[in-house]
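1. coordinates only, sequence not included:
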């Protein structure tokens, strides 16, 4: 292993919490002991259930196409000789999604859904990825919602599910923390109510109270800074409010009050970060058609009696500027969360811009894969975002698919002139600093970039939506330095790419770019 690799590893692991390190070692050693002793978790556990009452939740997109055919992450697979719950040719995320059972929310799927659950149970002794704690967490909620909605009483399913909750309880994702542990907590709460299990309830409330306090920031944003993951966490939180409001197994109301307060703050953040028509910017690991939409979440919250709080974007590291002819959303924050930055990108001072009639103009490159490789590396890189690249390097050392080593920090940020001027500086190329100023008026956006070494070369890129032509770019964009047109692949969804234009502007020391936004 080269010295540079050791340095990279050091800058990656130094941010981990002691709890993460402890549980990584504990689970690794325990796993080796269990394997040596040929110990396996029971896959059925005697249970008694309590029928739950739940309001209508949010329908996830139809991913089960009947006849053992599934379409997940825009990749379809038809199983001719029975479902392979370990199917791995499309990558681990596809396998995970197959075992989440999100498709149980499809209409009229009662008998097929029950048959699919039985098929999974019969195969469970051979299932690998799907029996990890994260998919167990999501599947547990989906099974319980499905069984409760159709009022299905089936001892085999219930006993299998109870056994899976025991596996989850013994393998909570303390080695990862972040959204993984929060998903564990949400699911444990459902399991606790469904099986009236005090042990699950105690652990669920412990995790939820601790993690929501840490993971939901002062401005209501989720601390991993991905708008998509914020939507997912909010969805799960609303499901838990649904559970507590409509079932009286526990009479104490303090948890419900706490969850409602947090949900209303998260709703306020989602409203603040979303474009006027409801789309989210594709910052960090965000993609369309994965999480419920902003409109769906607001409708669900309304049915539950949750009212969004008025939020000003702050701690989460984003700002939004809305004028009569355009909207701009800026990323002015650094890597987060420090000890679980797997969804972070090297993209300080990137932004998205929409014109009148909600037309996407300048966009984020997007997210098309979680598979390690050139595409994942590119989509997390500085060159894939609307900011300045120096030395041909990333602002922060994103590597290995979900890792971050050396990290850029925003060392100065000001909002001036009633929000018409935003100025920030980051140290991602220390000792070199990059300062960006955005000037906003009704018809124009002026961007000024400055490097604190006048002879230093940099490259500013602007990524345009596929519907934007060269002619429109030339009509709207002017620069103090010559620019060239290049092509890139826009990825608004997993496994989908569209050819589009990126403007590349090399400069030395300083640069001024004007974007005309009038009719």
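-> Happy to help now that I have it. Everything quoted here is computed from the prediction, not taken from an experiment.

2. so residue 153 sits in a helix?
-> No. Residue state for residue 153 (DSSP: H, G, I helix; E, B strand; the rest coil) corresponds to coil; a helix is not indicated.

3. Could you pull up the contacting residues of it?
-> 49, 51 (Cβ atoms under 8 Å, 6 or more residues apart in numbering). Placement of C-beta: from N, CA and C, glycine included.

4. gap between it and residue 47?
-> Counting by Cβ to Cβ, to the nearest Å, the separation of residue 153 from residue 47 is 11 Å.

5. And the helices in the protein, which stretches?
-> Secondary structure of the chain (DSSP state H): helices at 3-13, 18-36, 92-100, 110-123, 133-149, 155-170, 178-195, 198-215, 227-245, 254-273, 294-303, 374-379, 470-476.

6. Quick one: residues in contact with the fourth one.
-> When contacts are defined by Cβ under 8 Å, 6+ apart, helix 110-123 is touched by residues 43, 64, 66, 82-83, 85, 99, 101, 103-104, 106, 127, 130, 143, 146, 150, 152, 154, 156-157, 160.

7. ok, for residue 183, nearest residue in space, not its chain neighbours?
-> Nearest residue to residue 183, sequence neighbours excluded (Cβ to Cβ, 6 or more residues apart in numbering): residue 137, at 4.5 Å.

8. That neighbour and residue 211: what is the separation?
-> 13 Å.

9. likewise residue 457?
-> Using Cβ to Cβ, residue 457 is found at 44 Å from residue 211.

10. Which one of these two is surrounded by more residues?
-> Using other Cβ atoms under 10 Å, the more surrounded residue of residue 457 and residue 211 is residue 211, with 21 against 13.

11. burial measure for the closest residue to that one other than its chain neighbours, as a count.
-> Excluding its sequence neighbours, the residue lying closest to residue 211 (Cβ to Cβ, 6+ apart) is residue 182, at 4.8 Å. For residue 182, the neighbour count with other Cβ under 10 Å is 27.

12. still on that earlier bit, give me the buried entries from the contacts of helix 110-123.
-> 43, 64, 83, 85, 99, 101, 103-104, 106, 127, 130, 143, 146, 152, 157, 160 (16 or more other Cβ atoms under 10 Å).

13. Can you give me the buried ones in stretch 404-422?
-> 404, 405, 406, 407, 408, 410, 415, 422.

14. Keep only those of these that are in strands.
-> 404, 410, 415, 422 (DSSP state E).

15. Tell me the one of those nearest residue 317?
-> Closest approach between these and residue 317, by Cβ to Cβ: residue 410, at 7.6 Å.

16. what's the spacing between the helix or strand of the chain with the lowest mean pLDDT and its chain's center?
-> Within the chain, no helix or strand scores below helix 3-13, which has a mean of 83 by mean pLDDT, DSSP states H and E. Centroid separation between helix 3-13 and its chain, computed with Cα atoms, centre = their mean, to the nearest Å, is 26 Å.

17. hmm, who's touching that helix?
-> Contacts of helix 3-13 (Cβ under 8 Å, 6+ apart): 397, 399, 403, 404, 405, 406, 407.

18. Quickly compare the helices of the chain and say which is most buried.
-> helix 178-195 (a mean of 25; mean count of other Cβ atoms under 10 Å).

19. That's all I had, so thanks and see you.
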